[in-house]
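*Asks:* kindly return the folded structure for what I paste below:
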Amino acid sequence: MTRRSRAREVALQVLYQSEVNPGTVATDIESFLVGRLRAAPLVDFARLLVAGVDTHCGELDKLLDARSENWRLSRMAATDRAVLRIALFELLHTDVPGPVAVDEAIQLARRYGSEASSRFVSGILGKLLADRDAATILSPDA
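*Replies:* Numbering: from 1, shown residues only. Model prediction:
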């Protein structure tokens with residue numbers, strides 16, 4: 001596992017914890033990030049992912065909901081939802097190459113999701129990556 005992969009994994013853990021325990025305190029999140037990652041650049045990257053998903057969650061969820069056929073976001077496993085949000089945030093708001101963000105998400109889904117999670121995540125992110133590359137991802141209605 002690369003160092004950035006580890007930061008993504010820790011960000012996933014934070015987002016999952018925040019979803020199942022909405023009262024999670026910011027200082028606890030910060031302590032968790034620092035304790036798990038230690039290296040400042042990795043903590044910064046994980047912090048960016050967590051804050052980015054939190055800030056853009058409404059936008060991300062609309063896009064995911066629009067492209068996940070026969071699956072409402074609320075019906076998805078919490079881990080799959082968090083993986084998809086991280087990857088989509090990276091696709092839209094960072095300079096991480098699209099294929100890298102998608103591959104990293106698939107690996108996280110394989111590790112933390114069900115047997116079908118990696119295929120599910122791959123299918124949705126494949127559509128979103130194609131939409132982004134075709135410049136049609138700018139609107140959840142596209």
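
*Asks:* just give the number of residues close to the closest residue to Gly126 other than its chain neighbours.
*Replies:* Closest residue in space to Gly126, ignoring its immediate chain neighbours: Val102 at 7.0 Å, by Cβ to Cβ, 6 or more residues apart in numbering. Where C-beta positions appear, they are placed from N, C-alpha and C, glycine not excepted. Neighbour count for Val102, taken as other Cβ atoms under 10 Å: 22.

*Asks:* isn't Val102 up against Ser122?
*Replies:* Yes. Val102 sits in contact with Ser122 when judged by Cβ atoms under 8 Å, with a separation of 7.2 Å.

*Asks:* can you pull the contacts of the residue nearest to Gly126?
*Replies:* Neighbouring residues of Val102 by Cβ atoms under 8 Å, 6 or more residues apart in numbering: Ala87, Leu91, Ser122, Leu125, Gly126, Leu129.

*Asks:* residue contacts, the nearest residue to Trp71 once chain neighbours are set aside?
*Replies:* Nearest non-adjacent residue to Trp71, counting by Cβ to Cβ, 6+ apart: Phe120, 7.9 Å away. Residues near Phe120 by Cβ under 8 Å, 6+ apart: Trp71, Asp80, Ala109, Gly113.

*Asks:* what residues of the strand or helix carrying Phe120 count as buried?
*Replies:* Assigned by DSSP states H and E, Phe120 belongs to helix 117-133. Buried residues in helix 117-133, defined by neighbour count with 16 or more other Cβ atoms under 10 Å: Ser117, Ser118, Phe120, Val121, Ser122, Ile124, Leu125, Lys127, Leu128, Leu129, Asp131, Arg132.

*Asks:* out of the contacts of Val102, what pair is the most spread apart?
*Replies:* Leu91 and Ser122 (13.6 Å; Cβ to Cβ).
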